[in-house]
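In: Got a sequence here, can you build the structure:
(chains A and B)
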Number of protein chains: 2
Amino acid sequence: MSRRRSVSTLGVVGAGAWGTALANAAARAGLKVVLWARDERHVAELVSERVNRRYLPGVTLHDAIVPSSDLAAVAETDALLLVVPAQALRGVVAELAVHLAPGAPLVSCAKGIERGSLAFTTGIIAEAAPAARPAVLSGPSFARDVAAGLPTAVTLAAHDAGLARRLALALASPAFRLYHSSDVAGVEVGGAAKNVLAIAAGIAAGRGLGASAGAALIARGFTELRRLGRALGARPDTLMGLSGLGDLVLTATTPQSRNFAFGHAIGAGEAPPDRLAEGVFTAEALVALAKRYGVDMPIARAVDEVLSRALSVDEAMDTLLARPLKAEADPTGID
Amino acid sequence: MSRRRSVSTLGVVGAGAWGTALANAAARAGLKVVLWARDERHVAELVSERVNRRYLPGVTLHDAIVPSSDLAAVAETDALLLVVPAQALRGVVAELAVHLAPGAPLVSCAKGIERGSLAFTTGIIAEAAPAARPAVLSGPSFARDVAAGLPTAVTLAAHDAGLARRLALALASPAFRLYHSSDVAGVEVGGAAKNVLAIAAGIAAGRGLGASAGAALIARGFTELRRLGRALGARPDTLMGLSGLGDLVLTATTPQSRNFAFGHAIGAGEAPPDRLAEGVFTAEALVALAKRYGVDMPIARAVDEVLSRALSVDEAMDTLLARPLKAEADPTGID
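Out: From the prediction side, this is the model:
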């Protein structure tokens, strides 16, 4: 879209549960939506069945959604939501870039940190599509809740505050509320760190350590998240808002969260789910990023060490529930 | 105890689930404990059965616990935990005061704000027993978890930092971890506000609004809690620690929480549980306190209005999920 034009058509890149739920929410907000998936058979199913049986069964696609496997077609829309896992984002954006008009808004709707580069998703977008304008959408929102039209509130951030505002206005509807912000780093660090912390909470729950221990772990984890956010220049209010604290609470307390469920299986000594949770990929990158900025994140480190089998679950428990608690608000806290 | 003597005997005033769990934790930490209940028949049961069948069935009383209905006997200990509901605390402390040695440490282990006076529990203690030294113990801790020896971490605060430290050291054991602080106001405001916010989260859940809405509500509620805390001179780090955020997360996300369960029943249109949750009593006082300090707490106000039937649950939902969300971090947030 041109720099000031309002948004009336939207591309959604990625037809998983979250992409499909977002496509439906955007259609309810009055936008014409192109929903892209790479797999042509999947697109054919979406076209003929008008339901995403693979990833979001039971939810009818809104009439204003056109499924497509043509990246050029999706690139012609006024703005695009990128609903692709962080580790796969660079490749998709590079493919997409050749089709984009200059200044096209690309809204990252996935959470995480790229391994190796340690880039957040808007950083990946900026590198892979330098002429586009990156933005990020994040907050406490299960795809099922959004698809069901239950009340949900998320934050949309872009360095260009006016762009963030226009995109948020375009996507908002009574049940799907959007707040706009220019604190891109704040929104991204919350989204990335919370998945790793949710694995820690899941491990503790799977180990049967009780809800009290889980809550203490979340409070301590939030301190780590804020510490990293401060180092990255995030605004404290963003971290304490929907995309930070709100999303951490949702992900780290509900069994429906894939990251929590993954940790729970590990803590219980069961085989983890086949589909790996996002936090599994981000844990290592998060720890590396924290190290780069000289930030202490003992809970994230313990999760990474359990995932890489450098630490047993029992050893991790000591780290998760004993060691980090030393650093409670009062620096003279008893061990 | 004299001002510098270490703590070796402990009185626990109130033999409900939490008092009994704390008595057991203190005994495990090596203290000799007098566990007081007013009801002589209840004390006789505790003596003969060595289990608190009424309030914490299935948990054996530690050998170092002596049940008693004699306030003079419990007042002879080195320090006392007061595990009495906030609205009943003044009366009990007044009875106790005549038996206390000057400087006796009285640790409030209940949460709430007294109706009428709008006093927090340490304020009640200071007025009803002026020669005693008030302290407060608070944090994410279900009585069941503490009784079962699951890892739990709480904060103990007193204006006299040395006293807080000595009490925390005396009560701590490997599973029951205590942090000490001199931020009494910070610990108290977190404990009082979270019960009211948990009722709000329960109402939303009972209404079937989904986990995403619940998480957004908790994030917004935490903003209210911080706002009140700031007005009362609480330290931000305390509010973001165990007794603030940690306890809010525990209370507002777990069905075992009485306050959450109470709200859930209201939201679902069911008869609320017979035993009223603490937040029911505190809601009105919290709203009055916020008003006195000129602090906006729309979620607490909505809970109070539902409880006093000034607002229907449906009207409250609009307040809880629409109105307060306008005030997200970015002040230009879209409605």
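
In: For the rest of this, base every contact and every neighbour count on C-alpha atoms.
Out: Fine.

In: now what about stretch A:13-32, what contacts it?
Out: For stretch A:13-32, contacts defined as CA atoms under 8 Å, 6 or more residues apart in numbering or on different chains pick out A:7-10, A:12, A:33, A:35-38, A:52, A:55-56, A:61-65, A:74, A:80-84, A:142-144, A:146-147, A:149, A:170-173, A:176.

In: of those residues, list those near chain B.
Out: Filtering these for proximity to chain B by CA under 8 Å from any CA of the partner chain leaves residue A:142.

In: Drop anything exposed from the contacts of stretch A:13-32.
Out: Buried members of the contacts of stretch A:13-32, scored by 16 or more other CA atoms under 10 Å in any protein chain shown, are A:7-10, A:12, A:33, A:35-37, A:52, A:56, A:61-62, A:64-65, A:74, A:80-84, A:142-144, A:146-147, A:149, A:170-173, A:176.

In: In strands, which of those residues appear?
Out: A:9-10, A:12, A:33, A:35-36, A:52, A:56, A:65, A:80-82, A:176 (DSSP state E).

In: what two of the residues you listed are the furthest from one another?
Out: A:9 and A:56 (22.6 Å; CA to CA).

In: contacting residues around residue A:307?
Out: residue A:280.

In: which secondary structure element contains the residue most central in space within chain A?
Out: For chain A, residue A:111 is the residue whose C-alpha lies nearest the centre (CA atoms, centre = their mean; 2.7 Å). Under the criterion DSSP states H and E, no helix or strand holds residue A:111.

In: Look up phi and psi at it.
Out: With angles defined as degrees, to the nearest 10, residue A:111 sits at phi -120, psi 140.

In: Please report how far it lies from chain B.
Out: Using CA to the nearest CA, to the nearest Å, residue A:111 is found at 16 Å from chain B.

In: Cross-check the contact I'm expecting between that residue and residue A:187.
Out: No: here residue A:111 does not reach residue A:187: they are 9.6 Å apart, not a contact under CA atoms under 8 Å.

In: okay, and the common contacts of the two?
Out: Common neighbours of residue A:111 and residue A:187 are listed as residue A:138 (criterion: CA under 8 Å, 6+ apart).

In: Could you list the residues of the stretch 101-250 of chain A in contact with chain B?
Out: Counting by CA under 8 Å from any CA, the residues of the stretch 101-250 of chain A near chain B are A:140-142, A:145, A:150-153, A:168-169, A:177-181, A:209-220, A:223, A:237-238, A:240-242, A:245-247, A:249-250.

In: Helices - which of those land there?
Out: Applying DSSP state H to those, the entries found in helices are A:145, A:168-169, A:210-220, A:223, A:237-238, A:247, A:249-250.

In: Tell me the buried residues within those residues.
Out: Those of those that meet the buried threshold are A:145, A:168-169, A:210-220, A:223, A:237-238, A:247, A:249-250, by 16+ other CA under 10 Å.

In: where's the closest residue to residue A:261 other than its chain neighbours relative to chain B, distance?
Out: By the measure of CA to CA, 6 or more residues apart in numbering or on different chains, the closest residue to residue A:261 outside its immediate chain neighbours is residue A:255, 5.6 Å from it. Residue A:255 is 10 Å from chain B, where distance means CA to the nearest CA.

In: what does residue A:204 give?
Out: Distance from residue A:204 to chain B, by CA to the nearest CA: 10 Å.

In: now residue A:16
Out: 18 Å.

In: Ramachandran angles for that residue?
Out: The phi/psi pair for residue A:16 (degrees, to the nearest 10) reads phi -80, psi -160.

In: Measure how buried it is and give me the count.
Out: Number of residues near residue A:16 (other CA atoms under 10 Å in any protein chain shown) recorded here: 18.
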